[in-house]
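In: Coordinates for the following, if possible.
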Amino acid sequence: MQFKDVLVSQKLKEQLLSQVHEHRISHAQFFLAQPGSHAFALAVALAQYLCCEHPSDTDSCGTCPSCIQFSKLSHPDLHIYFPNCTTKTIKKDPDSIQLAQEFKDYVIENQYHIDMQDWLTVLQGENKQPSINIRDCSHIINQNSMRSYMGGYKTYILWSVDRLHHAAAPKLLKTLEEPDGKSLFILISEKPDQILSTILSRTQLVKIPKLTDEELQTALQEAIPEMDAATARDITAIADGDYNKALQIYRNNAEQRDMIDTFDAMMTSIVAFAHQRPAGEINYAHVQELFGDIVSQGREKQKAFVNIILRMLRNLLMQNAGANALVKVTDQESGILSTFRDLNLKHITKMTEECNKAMYHIGRNGNTAIILTDLYFKMAGCLADK
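Out: Numbers count the residues shown, from 1 in each chain. Modelled structure (predicted):
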């Protein structure tokens, strides 16, 4: 992975390169990532640059034996650790080394755009609690006591370090503070509040900012040449700088539009019901059919629908408050929101609370048909309450 292929700001790349050129690179760095960011790719690009045999001022060469090994994530001085758990083939005492090839294949196949939920799907561990465990930490300590294979830097990348097991974390403290030889530790996480302060205090913070709308739109159109500018603009508007989310929206574009239409039908019916309009305007039977479609699609789709309601309510609040710069909507969504301008802060706040309750109950395997029906009447009640 070369810097030119990493989807982060040019300013951040230059910051890291400057540290290398001035020989002041910290031996332990914490990459504070944003959802969907290319943080893991940036970590590999930095490690590759440090080991490259013919680096330029701005990037690794990409062609020397070291760079070729890095392109396959198989360089002997690159050590990768990640949350792991038992699988169908590993029944006991899992660790990152046993699952290394599966993780490398997953990373390369997804062009380094990796996500914990996707990795759990690969592991078939959605109902487990994967962690970077004590065995992983023992491997790190033992490996760090040895000399590098190629005579240069040894790089240890700990992806999703917020899942470092609480019993394992103390084992790493001394190694992070006083590593052997030319060692570079890169810890990556989106959740710094879930990491021990004693771990964070031994690292240098590197903030990875969200992609701007312009950067994300350009990246999407380069990755998917058949995507037209209007579609890229719509996806960018709701992806909030998250490249993984943008790709997911693109793949599920028709499904996303259907859910927005369901939100429109639901809200139209709720408004009519709350204002005691004729049954034909309420059209409750149609809303129940739409709920049935949502229920049939499984828990993740059910939660996705409630998240759409929450996002639309937030945008409606921003729109009605005149904060148009904070409104992130597609053209389809903009047209729908314009019909609900009468909802005020009190209405939207109460509706949001009810949506959060519904999300909680869906996450705990409640009956979604009942939950959505209850949400419908609770939101109508929020409007009826003057």
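In: what residues does the helix or strand Ile199 falls within touch?
Out: Using DSSP states H and E, Ile199 sits within helix 197-200. For helix 197-200, contacts defined as CB atoms under 8 Å, 6 or more residues apart in numbering pick out Phe30, Val161, Leu164, Ala169, Pro170, Leu172, Leu173, Leu176, Leu187, Pro192. Just so you know, the C-beta spots here come from the backbone N, C-alpha and C atoms, and that holds for glycine as well.
In: likewise stretch 310-322?
Out: Stretch 310-322 has contacts (CB under 8 Å, 6+ apart) with 238, 260, 263, 324, 326-329, 333, 336-337, 340-341, 343-345, 348, 351-352, 355-356, 359.
In: Over to the residue nearest to Ile132 when sequence neighbours are not counted: give its phi and psi.
Out: Closest residue to Ile132 apart from its sequence neighbours, by CB to CB, 6 or more residues apart in numbering: Leu164 at 4.6 Å. Main-chain dihedrals, Leu164, degrees, to the nearest 10: phi -70, psi 120.
In: Leu164 and Ser131 touch, don't they?
Out: Yes - the pair Leu164 and Ser131 passes the contact test of CB atoms under 8 Å, sitting 7.0 Å apart.
In: ok, these two, which is more surrounded?
Out: Neighbour tally, Leu164 and Ser131, criterion other CB atoms under 10 Å: the higher count belongs to Leu164, 25 against 20.
In: Identify the residues contacting the more buried one.
Out: Remark: with contacts taken as CB under 8 Å, 6+ apart, Leu164 is in contact with Ser131, Ile132, Cys137, Leu158, Leu172, Ile195, Leu196, Ile199.
In: As JSON lines, these with pLDDT would be great.
Out: Listed next are the contacts of Leu164 as JSON lines, based on pLDDT from 0 to 100:
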{"residue": "Ser131", "pLDDT": "89"}
{"residue": "Ile132", "pLDDT": "91"}
{"residue": "Cys137", "pLDDT": "91"}
{"residue": "Leu158", "pLDDT": "95"}
{"residue": "Leu172", "pLDDT": "86"}
{"residue": "Ile195", "pLDDT": "88"}
{"residue": "Leu196", "pLDDT": "87"}
{"residue": "Ile199", "pLDDT": "89"}
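In: so of those residues, which ones are in strands?
Out: Among the contacts of Leu164, the residues falling in strands (DSSP state E) are Leu158.
In: neighbour-wise, which of the contacts of Leu164 leads?
Out: Counting by other CB under 10 Å, top hit in the contacts of Leu164: Leu158 with 29 neighbours.
In: Against His23, how distant is the closest residue to Asn324 other than its chain neighbours?
Out: The spatial neighbour of Asn324 that comes closest, neighbours along the chain excluded (CB to CB, 6+ apart), is Met318 at 7.4 Å. With distances taken as CB to CB, to the nearest Å, Met318 is found 47 Å from His23.
In: Between the two, which is the more surrounded one?
Out: Met318 (17 against 6).
In: mind checking the SS state of Pro94?
Out: Per DSSP: H, G, I helix; E, B strand; the rest coil, the secondary structure class of Pro94 is coil.
In: Tell me how many other residues crowd the residue nearest to it when sequence neighbours are not counted.
Out: Nearest-residue entry for Pro94: Asn84, 4.8 Å, with adjacent residues in sequence omitted and distances by CB to CB, 6+ apart. A count of nearby residues for Asn84, using other CB under 10 Å, gives 27.
In: same check, this time on the one 5 residues further on
Out: Other residues within reach of Thr89 by the criterion other CB under 10 Å amount to 9.
In: ok, now the one 10 residues further on?
Out: Burial measure for Leu99: 22 neighbouring residues, criterion other CB under 10 Å.
In: Ser269 against Ala285, yeah?
Out: No - counting by CB under 8 Å, Ser269 stays clear of Ala285, with 9.8 Å between them.
In: between the two, which one's more packed in?
Out: Neighbours per residue, other CB under 10 Å: of Ser269 and Ala285, the larger number sits with Ser269, 22 against 9.
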